[in-house]
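> here is a sequence with its predicted model. Questions after.
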Amino acid sequence: MAERITVNPDICNGKPVIRGTRITAQTVLEFLAAGDSIEDVLGEYPGLTREDVQACLDYASRLMGNHYSVVPAA
């Protein structure tokens, strides 16, 4: 996953992107969450590979493995 997903503050405001692109992991995940298939995503972004899409899923899964607390903002 680390070789496919990168974070750079100078690219897409520091959002995680697929290496060598400006396609954010969030964009890929939103397509999948909307019901699009991996093939649909690959059709929209022909420069991506199935492994890139899988890396986005892996990245999101690892993030969810962290403990989060929700604190109301003033």
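That came through, no problem.
> and the lengthiest helix in the chain, what other elements does it pack with?
Longest helix in the chain, counting residues (DSSP state H): helix 50-64. If contacts are counted by 3 or more C-beta pairs under 8 Å, 6 or more residues apart in numbering; DSSP states H and E, helix 50-64 sits against strand 5-6, strand 17-18, helix 25-33, helix 38-44. Backbone N, C-alpha and C define where each C-beta goes, glycine included.
> what sits up against that helix?
1, 4-5, 16, 18, 25, 28-29, 32, 38, 41-42 (C-beta atoms under 8 Å, 6 or more residues apart in numbering).
> which stretches of this protein aren't confidently modelled?
1 (pLDDT under 70).
> center of it - which residue?
residue 25 (1.4 Å; C-alpha atoms, centre = their mean).
> contacts only, for that one.
5, 15-18, 55-56, 59-60.
> let me have those residues in TSV, extended by neighbour count and distance to residue 72.
Shown next, in TSV, are those (neighbours: other C-beta atoms under 10 Å; distance: C-beta to C-beta, whole Å):
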residue	neighbour count	distance to residue 72
5	19	31
15	14	25
16	19	27
17	22	31
18	24	34
55	22	34
56	26	30
59	21	28
60	18	25
